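Engineer: Sequence below, structure please.
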Amino acid sequence: MNNIKSLPLVIGLGELLWDCFEDQRRPGGAPANVAFQANQLGCQGTVVTRVGQDELGNELLGFLKQQGLSVDHVQIDESFPTGTVTVQYSDANDPQYTIHEHVAWDHLEYNDDLSVLMQQSQAVCFGTLAQRETDSRETIHQCLAATGENCLVVYDVNLRQHYYERSWIERSLAAAKMIKLNQDEVEKLSDILELSTGSLKQFANQIQKDFELEAVCITRGAEGCLIYAEGQEYNIPGSPVKVADAVGAGDAFTAALISRRLLGWGWEQAARFANRVGGLVASQAGAMPALKQEFEQISQEIQNS
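Structural biologist: Numbering: from 1, shown residues only. Next up, the predicted model:
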């Protein structure tokens, strides 16, 4: 049995919230999803976020503890409530989100505890949404600046509603070693950054050059993913699955890619694994299904293939 302190420390930095569906609510938030899945994938997943001093916050803390995640770095806000998102979809592959404002994770505070934690991390995943308020935006970038030289800093672009600005995106790209985005976001980002790119490959090459990125990962749903790293293009086809809901599938993909890179896997093998993991989560309800054994089985299959 591995000692937890010897496992790679993967931090999900940003929002933790409730995804509120028509019939029920489930824990979510992209960085929290990444930390949760990393914890199932053989790493020490840790959420850095802020919840309200309320029942919804207590329930989220209880859920994380029950799933074996530390809540030591979840701050409690006495003024703002725990975050919620209304999720609606007519198409299971394309959920629509209404992200409610003036919530606890908008007011994440930097402190000595986070400074120490960041220095210990092997990977940090952050996004754009949690940067919509100045408090959390500045805290996120202070956290990123505190990471060690070898930390894998992953920017999951994750553009939601109107919660993004060019300056935030450019600052985030400059702080990252790897970025992950979907095909729709490639188009949006090309417009925002005024990149004249005619193909996904041109986009990836241009953004890598402009921001000195080690890797660009573009997810394409059922069509798999494209990864540009170390001067190579890796075109990994998708695996067909029956989608229950796509909430959190991209975050599971990110966590799987991070975990296998930290374990020393090559890009192609890690991407094949991440595709399978993302597909499996899409076939389940909610962003944080318990699938540790299934992930281990997929890992063995990929290694033996």
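Engineer: CA atoms only for the lowest-mean-pLDDT helix or strand in the chain - export them in PDB, please.
Structural biologist: Within the chain, no helix or strand scores below strand 96-99, which has a mean of 86 by mean pLDDT, DSSP states H and E. The C-alpha coordinates for strand 96-99 follow below in PDB (Å, rounded to 0.1, in the frame of the first residue of the first chain):
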ATOM      1  CA  GLN A  96     -25.800  24.200 -20.700                       C
ATOM      2  CA  TYR A  97     -24.600  25.900 -17.500                       C
ATOM      3  CA  THR A  98     -26.000  28.900 -15.500                       C
ATOM      4  CA  ILE A  99     -23.200  29.800 -13.100                       C
END
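Engineer: Relative to the whole chain's centre, how far out is that strand?
Structural biologist: 17 Å (C-alpha atoms, centre = their mean, to the nearest Å).
Engineer: for the chain, which spans come out with low pLDDT?
Structural biologist: 1-5, 90-94, 245 (pLDDT under 70).
Engineer: Select the longest strand from it.
Structural biologist: strand 44-52 (DSSP state E).
Engineer: list the contacts for residue 226?
Structural biologist: By C-beta atoms under 8 Å, 6 or more residues apart in numbering, the contact set of residue 226 is 200, 201, 204, 217, 218, 220, 233, 234, 235, 236. To be clear about C-beta, it is placed using only N, CA and C from the backbone, and glycine gets the same treatment.
Engineer: Out of the residues you listed, who's the most crowded?
Structural biologist: Greatest neighbour count in the contacts of residue 226, by other C-beta atoms under 10 Å, goes to residue 217: 26 neighbours.
Engineer: For residue 221, list the residues it contacts.
Structural biologist: Counted by C-beta under 8 Å, 6+ apart, residue 221 has contacts 93, 182, 183, 238, 246.
Engineer: returning to what we had before: pull the residues that contact the least confident helix or strand of the chain.
Structural biologist: Residues outside strand 96-99 that contact it (C-beta under 8 Å, 6+ apart): 83, 85, 86, 87, 88, 89, 129, 160, 161, 163.
Engineer: quick one: which of the residues you listed is nearest to residue 260?
Structural biologist: For those, the residue nearest residue 260 by C-beta to C-beta is residue 129; the value is 25.4 Å.
Engineer: For the closest one, give me phi and psi.
Structural biologist: phi -60, psi -50 (degrees, to the nearest 10).
Engineer: any idea how far it is from residue 20?
Structural biologist: Residue 129 sits 16 Å away from residue 20, going by C-beta to C-beta, to the nearest Å.
Engineer: ok, those two, which is more surrounded?
Structural biologist: Taking neighbours as other C-beta under 10 Å, residue 129 and residue 20 compare with residue 129 leading, 27 against 17.
Engineer: tell me the contacts of the more buried one?
Structural biologist: 14, 15, 30, 99, 158, 160, 163, 164.
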